[in-house]
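>>> After the sequence you'll find the predicted model.
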Amino acid sequence: MKNQNVKPAEGKLGIMVVGLGAVTSTFMTGVLMARKGLAKPVGSMTQYDKIRVGKGADKKYLSYSEIVPMAQLDDIVFGAWDVYPANAFQSAMYAEVLNEKDILPVKDELEKIVPLKAAFDKNFAKRLDGDNVKQCATRWDMVEQLREDIRKFKADNNCSRIVVAWAASTEIYVEPNMAVHDTLEHLEAAMKADDRANIAPSMCYAYAALAEGAPFIMGAPNTTVDIPAMWEMSEKTGMPIAGKDFKTGQTLVKSGFAPIIGTRCLGLNGWFSTNILGNRDGLVLDEPANFRTKEVSKLSTLETILKPEAQPDLYGHGNDEDNQYFHKVRINYYPPRNDNKEGWDNIDIFGWMNFPMQIKINFLWLDSILAEPLLLDLFLLSVGAARAGKSGIQRFLSFFLKAPMHDYTQGEEPVNHLFQQYTMLKNAIREMGGYEADEEID
Ligand SMILES: NC(=O)c1ccc[n+]([C@@H]2O[C@H](COP(=O)([O-])OP(=O)(O)OC[C@H]3O[C@@H](n4cnc5c(N)ncnc54)[C@H](O)[C@@H]3O)[C@@H](O)[C@H]2O)c1
């Protein structure tokens, strides 16, 4: 093995999740079942993928943990916060993603995962009304209580390191406000002044995690860490941050399919995506202000893959207003389907002599099932990045995310193209393992 640039992965890893709903209860169940040899972590790059390192006669294919020391599934301890008091077993049963036979073998372990009181403000998710909620005098008090939760969890479970992820409901859209979100000093002042409009509860979780030396992952599209003040906080504390929004179903297809159109220089007039889902996530997203957050995240994918300004003949048609193809995304709350999401994409393309053609994609997927491997990979890789001394926005984790974080104040563009993201992922792992980053064909 090469000289690794990462410290060893020793001791217990505490995974603390905000939200003990469908995604996280299914995640915990899967990890516990895999630990007993009763299930396989299918879809997880850290558990299955192999990366080429070296070139020519020296090349070999290694799994991620052979390149970068990584926590094993046995080393993981789970904690959670939620607005509702249901434990992880009750939550997994309620979510109905899995069948009883997939949950019962780990019932005892799941029952022990009881959510801590949530840092919550109903104004950010009107359709939730649980009472497992902290009483907080100010947003700063909210931060202090969350920090105390993390410290206590770490000590009680004898963890050597902690990682925190938001996998709770999507909050209403908080517009970045450069009078508050621009610097850490302003952000802290706003928390102390209890500025409830500009400081979402999710920001308090993120701040608390970073302050306690834990990487923070934003699994929903909320603004949270996507502001300069949080980038500053993550640099100051030497902690990685990643977000936003797990890239699971329709956006995964989009970021993998759009390159087909772009690579063959075909034209695009419009892309219409619609979904139905009936879980609690769908209920919250039925509220227009919460959907707005999701819409911003879902719409951004195509713009950096099929660029109107670079190819006006191909991508500069279809929508007079913006001078580019028409792109629309809809999510419809439809309870009978529960977690079984169904998505339809209608893609209006054109070819030789502008001749119009259509592509239809009908994707039926289980939302949480596609999210779980991403959670595992994001946890293990962000903790690995912390041990490698990486802080701030982790662009190499864009592969897993719908709206990759980037420094928009400097005009930086995110990379949404799935296969470019995969190259970034592999190169970051190679570098952490002491190998050379490269673009050789595998
Ligand atoms: N499943 C997917 O494929 C997928 C993909 C991308 C993003 N997401 C996002 O992941 C999140 C979770 O999805 P889900 O299906 O598990 O939803 P869910 O509704 O089943 O679970 C979310 C939980 O978060 C809790 N919650 C809300 N606000 C909270 C707060 N401030 N503190 C603590 N807990 C809080 C809710 O009470 C609920 O139990 C959603 O934001 C969703 O948009 C999911």
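Here it is on my side, so go on. Residues are numbered from 1 along each chain as shown.
>>> Against residue 394, how distant is whatever residue of the chain ends up closest to the ligand?
As assessed by CB to the nearest ligand atom, the ligand sits closest to residue 21 within the chain, at 1.8 Å. Bear in mind the C-beta positions are built from the backbone N, C-alpha and C, glycine included. Going from residue 21 to residue 394 by CB to CB, to the nearest Å gives 25 Å.
>>> do the same with residue 236
Plainly put, residue 236 is 16 Å away from residue 394 if you go by CB to CB.
>>> If we go by neighbour counts, what in stretch 329-338 is buried?
Neighbour-count burial for stretch 329-338, counted by 16 or more other CB atoms under 10 Å, picks out 329, 331, 333, 334, 337, 338.
>>> Output those residues in TSV; the columns should cover distance to residue 89.
TSV is the format used below for the buried residues of stretch 329-338 (distance: CB to CB, whole Å):
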residue	distance to residue 89
329	34
331	29
333	26
334	27
337	24
338	18
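>>> Turn these into CSV, columns for pLDDT, secondary structure and distance to the ligand.
As requested, these are exported to CSV (pLDDT from 0 to 100; DSSP: H, G, I helix; E, B strand; the rest coil; distance: CB to the nearest ligand atom, whole Å):
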residue, pLDDT, secondary structure, distance to the ligand
329, 88, strand, 13
331, 86, strand, 9
333, 90, strand, 12
334, 90, coil, 15
337, 84, helix, 13
338, 81, coil, 10
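>>> For this protein, which residues are neighbours of the ligand?
Within reach of the ligand by CB under 6 Å from any ligand atom, the chain has these residues: 18-23, 81-84, 95, 118-120, 125, 128, 130, 167-170, 201, 219-220, 245-246, 248, 279-281, 367-368, 370-371.
>>> For those, which ChimeraX command selects only the ones that are buried?
Those of the residues of the chain next to the ligand that count as buried under 16+ other CB under 10 Å are selected in ChimeraX with:
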select :18,19,20,21,22,23,81,82,83,84,95,118,119,120,125,128,167,168,169,170,201,219,220,245,246,248,279,280,281,367,368,370,371
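>>> Among the residues of the chain next to the ligand, name the ones in strands.
18, 81, 82 (DSSP state E).
>>> I figured the first one hits residue 200, correct?
Right, the one you point to is residue 18. No - using CB atoms under 8 Å, residue 18 makes no contact with residue 200, being 11.6 Å away.
>>> For residue 327, which residues are in contact?
270, 271, 272, 299, 302, 303, 319 (CB atoms under 8 Å, 6 or more residues apart in numbering).
>>> The same query, at a cut-off of 6 Å, please.
271, 302 (CB atoms under 6 Å, 6 or more residues apart in numbering).
>>> just residue 305 next, same as before
For residue 305, the contacting residues are 258, 262, 416, 417, by CB under 6 Å, 6+ apart.
>>> Now for residue 144, which secondary structure element holds it?
Secondary structure from DSSP states H and E places residue 144 in helix 139-156.
>>> helices or strands next to that helix in the packing?
Counting contacts by 3 or more CB pairs under 6 Å, 6 or more residues apart in numbering; DSSP states H and E, helix 139-156 packs against helix 184-192, helix 201-211.
>>> Pull out the buried positions in the shortest one.
Neighbour-count burial for helix 184-192, with 16+ other CB under 10 Å as criterion, is recorded at 184, 186, 187, 188, 190, 191.
>>> what is the mean pLDDT for the lengthiest helix in the chain?
Scanning the chain for the helix with the most residues, using DSSP state H, yields helix 367-387. On average, the pLDDT along helix 367-387 is 95.
>>> Which residues outside that helix are in contact with it?
Residues contacting helix 367-387 (CB under 6 Å, 6+ apart): 6-7, 15, 22-23, 26-27, 30, 43-46, 68, 70-71, 97, 163, 215, 217, 240, 242, 246, 248-249, 339, 341, 394, 400.
>>> re the thing from before, next, the angle from the helix holding residue 144 to helix 184-192.
Helix 139-156 and helix 184-192 meet at an angle of 100 degrees, taking axes from the mean of the first three to the mean of the last three CA atoms, to 10 degrees as the criterion.
>>> Show me what secondary structure element comes after the least confident helix or strand in the chain by mean pLDDT.
Least confident helix or strand, the chain: helix 288-303 with a mean of 74, by mean pLDDT, DSSP states H and E. Note on helix 288-303: by DSSP H and E, the next helix or strand toward the C-terminus is helix 312-315.
>>> Report back the residue of this structure that's furthest from centre.
Going by CA atoms, centre = their mean, the residue of the chain most distant from its centre is residue 353, 40.8 Å out.
>>> Give me the distance between that residue and residue 313.
12 Å.
>>> check contacts around the nearest residue to residue 442 once chain neighbours are set aside.
In this structure, residue 442 finds its nearest non-sequential neighbour in residue 52, 5.0 Å apart by CB to CB, 6 or more residues apart in numbering. Residue 52 sits next to 59, 61, 442 when contact means CB under 6 Å, 6+ apart.
>>> go on, residue 215?
Neighbouring residues of residue 215 by CB under 6 Å, 6+ apart: 163, 239, 240, 382, 386.
>>> how about it, phi and psi?
Main-chain torsions, residue 215, degrees, to the nearest 10: phi -60, psi 150.
>>> Same check on the one 10 residues further on?
The phi and psi values for residue 225, taken as degrees, to the nearest 10, are phi -100, psi 10.
>>> That one - how many residues pack around it?
27 (other CB atoms under 10 Å).
>>> Name the member of the contacts of residue 215 with the most neighbours.
Compared across those, residue 240 has the highest neighbour count, 28 neighbours, by other CB under 10 Å.
>>> Report the beta-bridge partners for that residue.
residue 392 (DSSP bridges).
>>> before we move on, back to that, just the buried ones from the contacts of helix 367-387, in PyMOL syntax?
The PyMOL command for the buried members of the contacts of helix 367-387 (criterion: 16+ other CB under 10 Å) is given here:
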select buried, resi 6+15+22+23+26+27+30+43+44+45+46+68+70+71+97+163+215+217+240+242+246+248+249+339+341+394+400
